[in-house]
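Visitor: please work out how this folds:
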Amino acid sequence: MSDSPHSSRNRANSEISFMVNGERKLVRAFPMERLLDVLREQLGLTGAKEGCGEGECGSCSVLMNGTLVNSCLVPVLQADGASIVTIEGIAAGAQLHALQEAFLECGGAQCGICTPGMILAAFHLLRKKPDPTLEEIREGLSGNLCRCTGYVQIFEAVARAARGAETTSS
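Guide: This next block holds a predicted model:
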(Lines give C-alpha, C1' and ligand atoms only; values in the text may rest on other atoms or scores of the structure.)
Protein backbone atom coordinates (compact mmCIF):
# COMPACT_ATOMS: atom_id res chain seq x y z
CA MET A 1 0.00 0.00 0.00
CA SER A 2 1.20 3.49 -0.82
CA ASP A 3 2.26 5.82 2.00
CA SER A 4 1.17 8.92 0.13
CA PRO A 5 -0.48 11.64 2.22
CA HIS A 6 -3.83 10.63 0.72
CA SER A 7 -3.66 6.92 1.50
CA SER A 8 -6.32 5.56 3.86
CA ARG A 9 -3.54 4.32 6.14
CA ASN A 10 -2.47 7.90 6.94
CA ARG A 11 -6.06 9.04 7.51
CA ALA A 12 -6.84 6.35 10.09
CA ASN A 13 -7.09 6.98 13.80
CA SER A 14 -3.93 6.20 15.69
CA GLU A 15 -3.29 5.40 19.34
CA ILE A 16 -1.26 8.20 20.86
CA SER A 17 0.12 8.11 24.38
CA PHE A 18 1.43 11.04 26.38
CA MET A 19 1.57 12.44 29.89
CA VAL A 20 -0.88 15.24 30.67
CA ASN A 21 -0.51 17.04 33.98
CA GLY A 22 1.37 14.06 35.39
CA GLU A 23 -1.09 11.38 34.24
CA ARG A 24 -0.54 8.94 31.38
CA LYS A 25 -3.24 9.34 28.69
CA LEU A 26 -3.98 7.16 25.69
CA VAL A 27 -6.15 8.68 22.97
CA ARG A 28 -7.32 7.64 19.53
CA ALA A 29 -7.03 10.48 17.05
CA PHE A 30 -6.13 11.30 13.51
CA PRO A 31 -2.35 11.96 13.47
CA MET A 32 -2.78 15.50 12.14
CA GLU A 33 -5.61 16.40 14.53
CA ARG A 34 -4.67 19.43 16.58
CA LEU A 35 -3.42 18.83 20.12
CA LEU A 36 -5.78 21.63 21.21
CA ASP A 37 -8.83 19.68 20.00
CA VAL A 38 -7.72 16.42 21.60
CA LEU A 39 -7.09 18.14 24.95
CA ARG A 40 -10.45 19.90 24.91
CA GLU A 41 -12.72 17.31 23.29
CA GLN A 42 -11.28 13.96 24.33
CA LEU A 43 -9.69 14.82 27.67
CA GLY A 44 -12.07 17.57 28.83
CA LEU A 45 -9.20 19.99 29.52
CA THR A 46 -10.91 23.16 28.35
CA GLY A 47 -8.46 25.66 29.85
CA ALA A 48 -6.57 26.05 26.57
CA LYS A 49 -8.76 28.22 24.35
CA GLU A 50 -9.24 28.54 20.60
CA GLY A 51 -8.37 32.14 19.89
CA CYS A 52 -7.06 32.66 16.39
CA GLY A 53 -6.33 29.09 15.25
CA GLU A 54 -3.13 30.38 13.64
CA GLY A 55 -0.61 30.44 16.51
CA GLU A 56 -0.72 34.22 16.82
CA CYS A 57 -2.64 34.86 20.07
CA GLY A 58 -1.31 32.33 22.61
CA SER A 59 -4.75 31.45 24.02
CA CYS A 60 -4.10 27.76 23.34
CA SER A 61 -0.64 27.69 24.97
CA VAL A 62 0.51 24.56 26.80
CA LEU A 63 3.89 23.32 27.90
CA MET A 64 5.18 20.38 25.88
CA ASN A 65 8.35 18.82 27.25
CA GLY A 66 8.96 22.08 29.11
CA THR A 67 8.59 24.30 26.04
CA LEU A 68 5.72 26.74 25.58
CA VAL A 69 3.81 25.81 22.40
CA ASN A 70 0.63 26.86 20.65
CA SER A 71 -1.45 23.69 20.80
CA CYS A 72 -3.52 24.84 17.79
CA LEU A 73 -0.40 24.31 15.64
CA VAL A 74 0.78 20.97 17.10
CA PRO A 75 -0.41 17.78 15.38
CA VAL A 76 -1.32 15.35 18.15
CA LEU A 77 1.04 12.75 16.68
CA GLN A 78 3.91 15.12 17.54
CA ALA A 79 2.84 14.85 21.20
CA ASP A 80 3.23 11.04 21.25
CA GLY A 81 5.46 10.24 24.23
CA ALA A 82 5.58 13.88 25.32
CA SER A 83 4.85 15.45 28.68
CA ILE A 84 2.13 18.11 28.44
CA VAL A 85 1.20 20.63 31.13
CA THR A 86 -2.03 22.60 30.75
CA ILE A 87 -3.39 25.39 32.93
CA GLU A 88 -5.30 22.71 34.86
CA GLY A 89 -1.98 21.11 35.80
CA ILE A 90 -0.24 23.97 37.58
CA ALA A 91 -2.55 24.20 40.59
CA ALA A 92 -2.04 21.79 43.50
CA GLY A 93 -5.54 20.36 43.75
CA ALA A 94 -7.84 23.12 45.01
CA GLN A 95 -4.84 25.33 45.90
CA LEU A 96 -4.24 27.80 43.08
CA HIS A 97 -0.70 28.40 41.87
CA ALA A 98 0.83 31.73 42.97
CA LEU A 99 0.47 33.04 39.40
CA GLN A 100 -3.23 32.23 39.34
CA GLU A 101 -3.68 33.99 42.69
CA ALA A 102 -1.72 37.02 41.49
CA PHE A 103 -3.81 37.28 38.30
CA LEU A 104 -6.95 37.36 40.44
CA GLU A 105 -5.51 39.87 42.93
CA CYS A 106 -4.18 42.24 40.26
CA GLY A 107 -7.14 42.07 37.87
CA GLY A 108 -5.03 40.36 35.23
CA ALA A 109 -7.94 38.09 34.28
CA GLN A 110 -10.91 39.78 32.67
CA CYS A 111 -12.74 37.97 29.87
CA GLY A 112 -10.62 34.86 30.43
CA ILE A 113 -9.75 33.96 26.84
CA CYS A 114 -6.06 34.85 27.12
CA THR A 115 -5.64 34.07 30.81
CA PRO A 116 -4.60 30.38 30.63
CA GLY A 117 -2.01 31.11 27.94
CA MET A 118 -0.73 34.20 29.77
CA ILE A 119 -0.36 32.26 33.01
CA LEU A 120 1.46 29.36 31.31
CA ALA A 121 3.75 31.81 29.49
CA ALA A 122 4.49 33.48 32.85
CA PHE A 123 4.99 30.08 34.49
CA HIS A 124 7.49 29.19 31.75
CA LEU A 125 9.23 32.55 32.17
CA LEU A 126 9.51 32.30 35.96
CA ARG A 127 11.06 28.85 35.69
CA LYS A 128 13.85 30.35 33.58
CA LYS A 129 14.04 33.75 35.30
CA PRO A 130 12.65 33.71 38.85
CA ASP A 131 13.24 37.47 39.28
CA PRO A 132 12.43 38.98 35.88
CA THR A 133 12.63 42.64 35.01
CA LEU A 134 9.59 44.36 33.49
CA GLU A 135 11.25 44.09 30.07
CA GLU A 136 11.80 40.34 30.57
CA ILE A 137 8.15 39.93 31.59
CA ARG A 138 7.04 41.81 28.45
CA GLU A 139 9.28 39.65 26.30
CA GLY A 140 8.21 36.43 28.04
CA LEU A 141 4.54 37.18 27.39
CA SER A 142 5.03 38.67 23.92
CA GLY A 143 3.43 35.70 22.13
CA ASN A 144 0.14 36.23 23.97
CA LEU A 145 -2.48 38.80 23.03
CA CYS A 146 -5.01 40.38 25.39
CA ARG A 147 -7.83 42.59 24.23
CA CYS A 148 -9.20 43.54 27.68
CA THR A 149 -6.59 44.52 30.25
CA GLY A 150 -4.09 46.71 28.45
CA TYR A 151 -1.40 44.37 29.87
CA VAL A 152 -0.49 46.49 32.93
CA GLN A 153 -2.42 44.26 35.35
CA ILE A 154 -0.94 41.16 33.74
CA PHE A 155 2.62 42.46 34.10
CA GLU A 156 1.86 43.41 37.71
CA ALA A 157 0.50 39.91 38.40
CA VAL A 158 3.66 38.25 37.08
CA ALA A 159 5.87 40.62 39.09
CA ARG A 160 3.78 39.95 42.22
CA ALA A 161 4.03 36.19 41.77
CA ALA A 162 7.81 36.51 41.29
CA ARG A 163 8.12 38.59 44.47
CA GLY A 164 6.00 36.03 46.32
CA ALA A 165 8.30 33.25 45.13
CA GLU A 166 11.30 35.25 46.39
CA THR A 167 9.81 35.65 49.87
CA THR A 168 8.77 31.99 50.12
CA SER A 169 12.15 30.72 48.93
CA SER A 170 14.21 32.96 51.28
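
Visitor: residue ranges for the helices of the protein, please.
Guide: Here the chain has its helices, by DSSP state H, at 8-11, 35-37, 98-106, 115-128, 134-140, 152-169.

Visitor: which among those helices is found nearest to residue 23?
Guide: Among the helices of the chain, the nearest to residue 23 by CB to CB is helix 35-37 (15.9 Å). Where you see a C-beta, it was placed from the backbone N, CA and C, and this is true even at glycine.

Visitor: shaky segments in this protein?
Guide: Applying pLDDT under 70 to the chain flags residues 1-11, 165-170.

Visitor: returning to that earlier point: save the helices of the chain as CSV, and put in distance to residue 91 too.
Guide: Putting the helices of the chain into CSV (distance: least, CB to CB, whole Å) gives the following:
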stretch, distance to residue 91
helix 8-11, 38
helix 35-37, 20
helix 98-106, 6
helix 115-128, 10
helix 134-140, 20
helix 152-169, 13
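
Visitor: now the ones you listed in a markdown table, with mean neighbour count?
Guide: Formatted as a markdown table, these follow (neighbours: other CB atoms under 10 Å):
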| stretch | mean neighbour count |
| --- | --- |
| helix 8-11 | 10 |
| helix 35-37 | 23 |
| helix 98-106 | 20 |
| helix 115-128 | 22 |
| helix 134-140 | 15 |
| helix 152-169 | 17 |
